[in-house]
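Undergrad: I'll drop the sequence and a predicted model, then ask my questions.
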Amino acid sequence: MSNYLKKTRNYWISDASFVTLLGMLIFTIFILPVLIDSKGDTAIFLNFMFISLFFIGVFSSNNKGYLIASISLLTIHLLLRLIRFTDNPHEFYLLERVVIILNLMLLVVINISLLFRDQEINTYRVIGAVNVYLLLALAGAFGFELIQLTSGNAIDGNIELLGRDGDYGTYIYFSLVSISTVGFGDIYAEGITAKMLAVFLSVLGILYPAVIIAKLVSFSTEIKK
């Protein structure tokens with residue numbers, strides 16, 4: 001068992017794991033919302049994908065602090081999920097969203113640390129940079145949902161929000177058009193908090209690629225020297 005866990009961890013801290021993570025993110029961000037819209041009741045599958053992502057965070061942790069934080073947040077997340085899917089009259093949907101955001105931000109930090117753990121530049125590292133970008137969009141989606149749940153004044157337009165997992169597609173769509181600065185205009189930020197988050201994602205979407213490209217070019221120059 002310990003040998004299997006060691007092999008799994010070695011894979012998830014290797015460059016090749018960036019490709020697998022990209023595949024999972026593409027499915028979670030671009031395909032899963034379509035399935036939710038067409039099939040309706042896919043909450044269990046949505047939860048499975050996020051739990052899988054957070055397990056990856058545990059195995060990808062390259063220092064003790066990240067490992068402890070990943071295990072702690074994953075444990076809390078699993079407990080909250082179990083409470084919601086049992087007959088317990090109490091559920092902590094809002095707290096779940098807070099834990100998901102913290103998990104995603106930790107996964108962003110872990111992937112950035114793996115991305116720049118040395119000065120090597122290859123296709124895998126470029127894919128790793130794309131993964132961080134998509135993880136930020138995911139965190140933004142749950143940020144908008146958190147604002148909606150607490151103030152009821154996050155996003156508006158030709159949409160109907162139910163306050164459940166089925167709203168995921170709407171939030172990830174708006175987060176993506178914000179961070180990519182596309183802004184189709186069919187959905188818009190309503191409250192000031194949501195507006196600031198949308199602007200923050202837009203600025204991040206512009207600055208992040210520029211910073212990453214500059215960093216990779218810097219590494220390439222140093223290697224050539």
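TA: Right, received. Where do you want to start?
Undergrad: For the longest helix seen in the chain, buried residues please.
TA: Using DSSP state H, we find that the single longest helix of the chain is helix 192-224. Across helix 192-224, burial judged by 16 or more other CB atoms under 10 Å covers 193-194, 197-198, 201-202, 204-205, 212, 216, 219. In short, each C-beta sits where N, CA and C put it, glycine included.
Undergrad: Just give me the least confident of those.
TA: In this model, the minimum pLDDT among the buried residues of helix 192-224 belongs to residue 219 (72).
Undergrad: residue contacts, it?
TA: Residues in contact with residue 219 (CB atoms under 8 Å, 6 or more residues apart in numbering) are 119-121.
Undergrad: want to throw those residues into JSON lines with secondary structure and pLDDT?
TA: Output for the contacts of residue 219, formatted as JSON lines (DSSP: H, G, I helix; E, B strand; the rest coil; pLDDT from 0 to 100):
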{"residue": "119", "secondary structure": "coil", "pLDDT": "78"}
{"residue": "120", "secondary structure": "coil", "pLDDT": "80"}
{"residue": "121", "secondary structure": "coil", "pLDDT": "81"}
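Undergrad: which among the residues you listed end up buried?
TA: Here, 16+ other CB under 10 Å leaves residue 121 buried among the contacts of residue 219.
Undergrad: Using CSV, please lay out the contacts of residue 219 together with distance to residue 105.
TA: What follows is the contacts of residue 219, written out as CSV (distance: CB to CB, whole Å):
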residue, distance to residue 105
119, 25
120, 25
121, 25
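Undergrad: Which one of the contacts of residue 219 is nearest to residue 155?
TA: Closest approach between those and residue 155, by CB to CB: residue 121, at 38.2 Å.
Undergrad: Pull up the gap between that closest one and residue 145, please.
TA: 36 Å (CB to CB, to the nearest Å).
Undergrad: Residue 77 too?
TA: Residue 77 sits at a distance of 15 Å from residue 145 (criterion: CB to CB).
Undergrad: again, but for residue 197
TA: Taking CB to CB, one finds residue 197 at 11 Å from residue 145.
Undergrad: for residue 120, same thing?
TA: For residue 120, the distance to residue 145 - CB to CB - is 37 Å.
Undergrad: in the strand or helix carrying residue 108, what counts as buried?
TA: Taking DSSP states H and E as the criterion, residue 108 maps to helix 93-115. Residues of helix 93-115 classed as buried by neighbour count (16+ other CB under 10 Å): 96-97, 99-112, 114-115.
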